[in-house]
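1. please find the sequence and the predicted model below.
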Amino acid sequence: MSRYYPPVTVTGNPVNFSAPNGGKLDSVSVQIIPTQDLHGYDHPWPAGGGVNVADVHCDPFDSAGVTISAENNIVTINGTKSGDAYKTIPFNLPAGTYYVKAFVVGGTVSQSHPDLYIFDGTNNIAGTFYDSEKNFTIDTDSQLYIRLALWTDNVTYTNYKLGVVISKTAGISAFSPYSNICPISGRTGLDVYVSPTTAQADATTYAVDWTDEAGTVYGGTLNVVTGELVVDRGRVNVSSSWYWYKSGSYPGGFYATIENAGTGQKTNTPFICSHAKTTTSISQYVQGTCFCDGSINIRIMDGSDTVQDWKDYINAQITAGTPIQICYELATPITYQLTPKQIAALIDQNYIWSSNNETISVVYALLVPGSDKYTLIVNGVDIADFVERDSYRTTLYPVFSEAVQTLDGVGHTALLRKKGELSARFNPRTAADTAIICAALLNAPCEVQYHCLQRNADVTALMTIDSVSALYLSRCLYCRQKWNDIDSITLTEL
């Protein structure tokens, strides 16, 4: 007789568990979350997604008769220099090797251009890079500086603009502004792998595609075994319908409203944006969201200067036609029914993981040992799950008619039927299980549907239990005696 373990849930990616006898898995749920192209970095927002990977900007600064400012990697100089003038503009970069070059992108200068350096706070680490590409390497995430030096007196700068490009690749040919674009991608399917090792070469692959049913999914959960796909996130592109207005409740913030974002938004939930002007997480500036009437309202909670910078940056992206993506949480998740995949656990060691590298939850209740449970229903109550396999025994006894002696003195009998007998040891897991078994077996005579090993078939018969077992069951049921694995209980056909 087979008996099931209680269901077990394991999580991870990969999920690792031991199944000595294999078996079919009850559930394999895979989390689906939005993905972003972070351009080789291990966290969002440290650098741009375009050619220009550093955000160079500073407020206007007066020095020796000139005013210097920087925005979107364009350094602007105005005025007539009357002495040595310097400006140091900070920016941040992750560890790595970079290439730098500056281009004149507007305005005029009466004599000579200024010198530009990459400065680490102590040393010039790249040389002068005006109109000449240089490179530098930093071993750790660092704050660096653009050092601008104006040496020649009586030089007049009229809206003179230098575009600074800092790139991960050599061969900078033209100026392009900093653009921190981390596009948000969804999924149209995924693969689940089951293997005795961590090697994909040893794995059985279960492929799921939901292109026809759900299209591109940006967040949710897939149960591969049941085929249920629950989608809880959507994505919208921001275009010209981006409106800003001052919030009375939050004087230091603004709301940005995205029109026609679709229905089903959820109130005050986190979201993901493909753009951010910060060098840290966008959550530093965006504290919450509010959704209503098919629009998405983004509340930005920070100082007005920071918010204004972010507003100008977003508006510049929209003006340039750069797609800005927002991934938001649906108020009401959408469920799709896909074709189930019957995933079988391997004997002994199992490693299960998915192609999207997100958390997997596996639920299993494996048979121990054996592959199928025998039929055992007593008075309509299925108690097969509580029977030990090795204790399950059935017997067939012949029942003869009384002997009749003929005139020649020979006794004769006839086989009337075969009477069955069943013995088993029960192992209930809870007090409630004990009560169910006792009540069913004590309701004598019992109508028992059971699997007869000799016939290799399920049979139904009226049966009774032996008196010793009946007494024990009564104590368990009525005196609340603890079940202690009685040696065996025998049921005999009437």
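-> Structure's in. What do you need? Numbering: from 1, shown residues only.

2. you'd agree K87 is in a strand?
-> Yes - counting by DSSP: H, G, I helix; E, B strand; the rest coil, K87 is found in a strand.

3. for it, give me its contacts.
-> Contacts of K87 were listed using C-beta atoms under 8 Å, 6 or more residues apart in numbering, and they are 58, 61, 63, 68, 147-148. Every residue, glycine included, has its C-beta placed from N, CA and C.

4. out of those, which is nearest to A19?
-> C58 (61.6 Å; C-beta to C-beta).

5. burial count for that closest one?
-> 17 (other C-beta atoms under 10 Å).

6. and it, backbone torsions?
-> Per-residue torsions, C58: phi -160, psi 160 (degrees, to the nearest 10).

7. surely it meets N73?
-> No - contact criterion C-beta atoms under 8 Å: C58 and N73 do not qualify, at 11.1 Å.

8. before we move on, back to that, show me the contacts of K87 that map onto strands.
-> The strands, defined by DSSP state E, take in 58, 61, 63, 68, 147-148 from the contacts of K87.

9. how about CSV for the residues you listed, with pLDDT and distance to R455 added?
-> CSV is the format used below for the ones in strands among the contacts of K87 (pLDDT from 0 to 100; distance: C-beta to C-beta, whole Å):
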residue, pLDDT, distance to R455
C58, 86, 91
F61, 89, 97
S63, 88, 102
I68, 93, 98
R147, 92, 94
L148, 90, 96
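
10. any chance of these in TSV, with distance to A403 too?
-> Output for these, formatted as TSV (distance: C-beta to C-beta, whole Å):
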residue	distance to A403
C58	117
F61	123
S63	128
I68	124
R147	120
L148	122
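
11. what's the closest of these to W210?
-> Nearest member of these to W210, counting by C-beta to C-beta, is C58, at 48.3 Å.

12. how about the strands in the stretch 351-494 of the chain?
-> Ranges of strands within the stretch 351-494 of the chain are 360-364, 367-368, 376-378, 381-382, 393-400, 404-405, 411-412, 415-424, 446-452, 457-465, 489-493, based on DSSP state E, counting those that start in this stretch.

13. dump the first one to CSV, keeping only the CA atoms.
-> Read that as strand 360-364. Output of strand 360-364 as CSV, limited to C-alpha atoms (Å, rounded to 0.1, in the frame of the first residue of the first chain):
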residue,chain,number,x,y,z
ILE,A,360,10.3,29.3,-8.2
SER,A,361,8.0,27.6,-5.7
VAL,A,362,7.6,23.8,-6.0
VAL,A,363,4.9,21.9,-4.1
TYR,A,364,5.1,18.1,-4.1
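
14. each with direction, which strands does it pair with?
-> strand 8-12 (antiparallel), strand 27-32 (antiparallel) (DSSP bridges).

15. and for the longest one?
-> For strand 415-424, the pairing partners within the sheet under DSSP bridges are strand 393-400 (antiparallel), strand 489-493 (antiparallel).

16. in the protein, where is pLDDT below threshold?
-> Across the chain, the ranges flagged by pLDDT under 70 are 1-7, 20-23, 37-50, 179-181, 238-271, 275-323, 365-374, 389-390, 429, 477-487.

17. show me the domain layout of it.
-> The chain breaks down into these domains under automatic domain parsing: 3-35+185-227+338-368, 58-167, 234-335, 376-493.

18. and the longest one, how far apart are its ends?
-> Distances were taken as C-alpha to C-alpha, to the nearest Å; on that basis the terminal residues of domain 376-493 are 14 Å apart.
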